[in-house]
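[1] Quick one, what's the 3D model for this:
(2 chains)
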Amino acid sequence: MDKLGVITSFIHNIVVYNIPLLYGTVGEIVVEKSGSLNLGVEGIMAVGAIFGYICGCYANSLMVGILMAFLTAALCGLLFAVLTVSLQANQNITGLTITTFGLGVYFFVGNGLKSSGWPIMGNYDNIKAGFADLPIPGLSSVPVLGQGLFSHNVLVYLGIAIALFMWWYLNRTTPGLKLRAVGEDPAAADSVGINVKFMKYLHICLGCGIMGIGGYYMGLNMSGSFNSSCWINGYGWIAVALVIFANWSPATAILGTFVFGFFNTLRVSASSLAAAFPGGLGWLGSIPTQVYQALPFVITAVVLVVSSVRKKRGSGAPAALGLNYFREER
Amino acid sequence: MKKLIALLMAMALVLGLAACGGNGGPAVDGKADFKVGAIYINSKNDTAGYTFAHHNGITTAMKELGLDTDKQLVIVDEVPEDDEQVLSAIDTLVGEGCDIIFGISFGYINAMEKAAGEYPDVIFSHGTGYKSNETNFNNYFGRAYQARYLAGIAAGMKTLETGNNNVGYVAAYGTEYAETASGINGFALGVQAVNPDAKITVKKLGTWADEVNESAFAVELIESYGCGVISQHCDSAQPQIAAENAGVFGCGYNSDMTPDAPKAHLTAAIWNWNVYYRTAMQAAMDCGEASKFVETMGSGAYYGGLKEGFVDVSPLSENCAEGTQAVIDTVKAMMVNGEWDVFSGVKLQIGADGSVNKVDAPLVDNAGNEIVAAGGASVEDSVITGTMNYYVAGVQEG
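    Below you'll find the predicted structure:
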C-alpha cells in the first residue's frame, strides 16, 4: 500500500465529494443575506442538476450545462421570490414546498427521459474532458498536497472562486452592503431609498442559481447515472446547516465545507488510513462504520448548539432572517 | 377503523363466496377472478433498483400466465418497514379481493406473519424472509451465492490476465447479514478457484442504498488498495462506473451493468424474480384454497437457484478473459445438476487451461476456524440464509 498515496487520495476525496456543499452553502448565504430563509436547497439543487446534465449533454458543452443549471435553479428561486416576497407566503413552508417540487421535477424529467433514451456521460467527449482533473501547474507537483488540493476539475476551482467573490461582494461593494442592510432591517433600507423588493428578487435568484451549479456537479460526479435515489442525496440539507457553521460568511464556508468534508470522508478513508499507518492511526479501523456514518451529523448538531449558545455575539445572522417585509406595515 | 376492517372482511368473504359459487372447481378456471396484491418498499414507477426488479418480475410472470396486469394486480407502494403501515396496506389489498399478497421487503416479516393468521383465506408470500406456516404463508429467496460464484470465476480469470491479485467488493453490509456474507463468500470462493492467491477486500456502506458513497468506496478500493476488479452488493452501478473511469474491471449485481460501464464490466449476478412469481401464482391458482398453498409449493421456504433459473449471470462482456465462458458453463452445469455446491468440503480447482477439478479441501473462515471438514457436505440452507456470519479465508474488511 502506497502510504503517502492514501493521504493524497484522502485529501483529494475531501475536496471532490464535498464541493457541492460549498455551492449550496454559498448560494444559501446569498439568499439569507437578503433576509429570506430558503429551505428548498435540496430541491433547487436537484432541478439544476437534472436540467444542467441533460442540456449540457445534448449541447455537448460543459459551459451550457453550467449555464442551464444556473438558469433553471434561478427560476426556482424566482418562484420562491414571487411566493414569499410579493405574495408574502411563509418562507419556511414555501422552502419545504420547493424541495418537494424540485425533487418531483427531478424524477419526473429523469424517469421520463430514461424511458426514451438517457444521455450517457461517457458518450459526450466535451463533458467528460471538461470535468476531468485540471492540475494547476507548479502547485500540483508539491508532494502529497499537490495532487490532493491542486489537481481538480474546473467546477472545483469555480466553486472556490464564487465563494471568494461572494465574500468580496458582500463585504466590500456597495450593492453587497445594501443587500446586507436589506437583510438586517428592510424598513430602514427602504427608508434610505434601497429597492428592497428588487434586491430580494435579484439575490434570491442569484443564490439559487449558485446552488444549481452545485447540483450539476453532483450529477457529473455520479457520472450522470440516473437511479431511484436522487443525486443530491441530502447535501442540500447539510448546506442549510453549513450556513450557520460558516456564520453567514462565504469565505468561512470554504473552511466549513472542508471541516465537514473531513468527517464525511473519514467514513470512506478511515480504514485505508488505519491500514497504511497501523501505528499512529490503527485505532481508526476499530471504530464501527455506523459511527462514521453518524459523525458528520453529530458535528452538525454540535455546531448548531454551539452557535445558538454564542447567539447574537458576533453572529452573522441577518436580523430580519425569515421575516417577510410588507411595506404598508412599517 | 374496526368497523371498516369488519366491513372489508365481510366484503372479501362475500366476494370469496361468490367466486367459489361461480366456479366451484379449482381456481385456474377462475383465472379472470384471480387477483395479485403487492407491497413495495419504493415506488412502482422506479426504473432501476430493487423494487423495479420485483415489479418487473411480477408483471412479467402475470403476462406469462395470461393475467391482466391492469385489472388483476393491485399495488401498494412506498410502504416503509413499519408493522402498522404494512398491516394497513394488507387490509387494503385484502379489501380489494387479492388472492395472494407478495411483500418484497425483509422488514415486512412480522406484519405478514400476523396477517396470515388473521386472513386464512388469503395467501401471503414474503420475499427475503425466513418465516412461514403450514398453510397460507411462505417465504422466498434465491441462491444468489451460486451466481456470485460464477461471477467470481470471471473476476478470478481477469486477475490472472492482469496479474493484479487485489479484488475489491463494495457491500451494503458485511457479516451482519447472511445475505451479504453469503454473497461475498460465494464470490470470493469463485475468485479463489481460479486464483488461490487473490485477496478480496470488502468495504461496507452500512446502508442498502447510498450512491455517493458507492462510488467513493469503489474509488478508494481502486486507489488505496490497488484493486483491479470491483464487485458489489449495492443497488446502483456506481462501483462499475468508478471501475470504468479508473480503467479497471468489475462485476455488477441485480442487472446487467455492461451498458453502464462498457469497458469495465465483466458480468453481473442477476435475479430472475419472474421465475418465482410465476411458480407462486400458478400454485395459488392450482391449490384451490389458500390453506393448501404451502402444501402445493412443497415447502414454506422457496429457495431457487441456478437450477430453477431464479439466479444467473448476465451475458459475459467482451472484457472477460479468454475462455471464461467455457469454464462458467462447466461449473454452472455442475450446480444445475446438483453435482456440487459452493459451501462444501469440496473445492473446485480451475486451471489456466480451463480444466475444472474437484478436490477435497476444508471450508475455512478468515479467522482460521474450520467450517466444513475436507470432503464434508454442504452447509445447511438455513445457515446460508440465516446465520452465516463469517468471511471465508482470503476475505478482509477494508
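[2] which helices and strands does the helix or strand containing residue A:103 pack with?
    Assessed by DSSP states H and E, residue A:103 sits inside helix A:91-116. If you count contacts as 3 or more CB pairs under 8 Å, 6 or more residues apart in numbering or on different chains; DSSP states H and E, helix A:91-116 packs onto helix A:41-59, helix A:62-81. (Each C-beta comes from the backbone N, C-alpha and C, glycine too.)
[3] Adding mean pLDDT as columns, could you present those helices in TSV?
    Shown next, in TSV, are the helices and strands packed on helix A:91-116 (pLDDT from 0 to 100):
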stretch	mean pLDDT
helix A:41-59	97
helix A:62-81	97
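[4] mind checking which of these is nearest residue B:239?
    Nearest to residue B:239 among the helices and strands packed on helix A:91-116 is helix A:41-59 (20.3 Å), distances taken as CB to CB.
[5] Show me what counts as buried in the closest one.
    A:41-57, A:59 (16 or more other CB atoms under 10 Å in any protein chain shown).
[6] okay, the residue in the stretch 151-300 of chain B that chain A sits nearest to: pLDDT?
    The minimum distance from the stretch 151-300 of chain B to chain A, using CB to the nearest CB, falls at residue B:224 (4.0 Å). Looking at residue B:224, its pLDDT is 89.
[7] Next one: it from residue B:210, what distance?
    Residue B:224 sits at a distance of 19 Å from residue B:210 (criterion: CB to CB, to the nearest Å).
[8] Could you do residue B:81 as well?
    17 Å.
[9] neighbour count winner among the two?
    Legend: neighbour count by other CB atoms under 10 Å in any protein chain shown for residue B:81 and residue B:210, higher for residue B:210 (22 against 15).
[10] which residues touch that one?
    Shown in contact with residue B:210 (CB atoms under 8 Å, 6 or more residues apart in numbering or on different chains): A:229, A:233, B:234.
[11] Check those residues against residue A:261 and report the nearest one.
    Closest to residue A:261, out of all of the contacts of residue B:210 and judged by CB to CB, is residue A:233, at 14.1 Å.
[12] out of everything not next to it in sequence, what's closest to the closest one?
    residue B:212 (5.1 Å; CB to CB, 6 or more residues apart in numbering or on different chains).
[13] what about that neighbour, neighbour count?
    22.
[14] Would you check that it makes contact with residue A:219?
    No: taking contacts as CB atoms under 8 Å, residue B:212 lies outside contact range of residue A:219: 11.5 Å.
[15] which bits of the stretch 201-330 of chain A sit near chain B?
    A:218, A:221-223, A:225-229, A:231, A:233, A:265, A:267-269, A:271-272, A:275-276, A:289-290, A:293 (CB under 8 Å from any CB of the partner chain).
[16] Helices along chain B, start to end?
    For chain B, the helices defined by DSSP state H cover B:2-23, B:50-64, B:83-95, B:109-118, B:144-162, B:178-194, B:211-223, B:238-246, B:273-286, B:293-297, B:324-336, B:381-382.
[17] Quick one, which of these gets closest to residue A:140.
    When the helices of chain B are compared by CB to CB, helix B:211-223 sits nearest residue A:140, at 16.6 Å.
[18] just checking, what packs against that closest one?
    Using 3+ CB pairs under 8 Å, 6+ apart, helix B:211-223 sits against helix A:3-33, helix A:196-221, helix A:250-276, strand B:166-171, strand B:199-204, strand B:229-233, helix B:238-246.
[19] quick check: angle from the next helix or strand after the second one to helix A:3-33?
    Right, helix A:196-221. Scanning forward in sequence from helix A:196-221 by DSSP H and E, the next helix or strand is helix A:235-245. With axes from the mean of the first three to the mean of the last three CA atoms, to 10 degrees defining the directions, helix A:235-245 sits at 80 degrees from helix A:3-33.
[20] who's in contact with helix A:235-245?
    Residues from elsewhere that reach helix A:235-245, judged by CB under 8 Å, 6+ apart: A:20-21, A:23-25, A:27-29, A:32, A:39-46, A:99, A:211, A:214, A:218, A:252-253, A:256-257, A:259-260, A:296, A:300, A:303-304, A:307, A:317.
[21] Export only the CA atoms of it, formatted as PDB.
    Extracted in PDB, the C-alpha atoms of helix A:235-245 (Å, rounded to 0.1, in the frame of the first residue of the first chain):
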ATOM      1  CA  TYR A 235     -26.500  17.500   0.600                       C
ATOM      2  CA  GLY A 236     -29.000  20.400   0.300                       C
ATOM      3  CA  TRP A 237     -30.000  20.000   3.900                       C
ATOM      4  CA  ILE A 238     -26.400  19.800   5.100                       C
ATOM      5  CA  ALA A 239     -25.800  23.000   3.200                       C
ATOM      6  CA  VAL A 240     -28.500  24.800   5.100                       C
ATOM      7  CA  ALA A 241     -26.800  23.800   8.400                       C
ATOM      8  CA  LEU A 242     -23.300  24.700   7.000                       C
ATOM      9  CA  VAL A 243     -24.600  28.300   6.600                       C
ATOM     10  CA  ILE A 244     -24.800  28.500  10.300                       C
ATOM     11  CA  PHE A 245     -21.400  26.700  10.700                       C
END
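[22] which stretches of the chain have low pLDDT?
    Going with chain A. Across chain A, the ranges flagged by pLDDT under 70 are A:1, A:311-313, A:330.
[23] you looked at the wrong chain, it should be chain B
    B:1-30.
[24] Around chain A, which positions in it sit nearby?
    B:42-43, B:45-49, B:51-52, B:203-207, B:209-213, B:215-217, B:219-220, B:223-226, B:235-238, B:241, B:244-245, B:259-260, B:262, B:397-398.
[25] Weed out the non-buried ones from those residues.
    By 16+ other CB under 10 Å, the residues of chain B next to chain A give B:42-43, B:46-49, B:51-52, B:203-206, B:209-213, B:215-217, B:219-220, B:223-226, B:235-238, B:241, B:244-245, B:260, B:397-398 as buried.
[26] give the contact list for residue 232.
    Defaulting to chain A. Contacts of residue A:232 by CB under 8 Å, 6+ apart are A:20, A:42, A:45-46, A:49, A:215, A:218.
[27] other chain: chain B
    By CB under 8 Å, 6+ apart, the residues touching residue B:232 are B:169-171, B:214, B:218, B:239-240, B:250-253.
[28] With residue A:276 instead?
    A:1, A:3, A:6-7, B:224.
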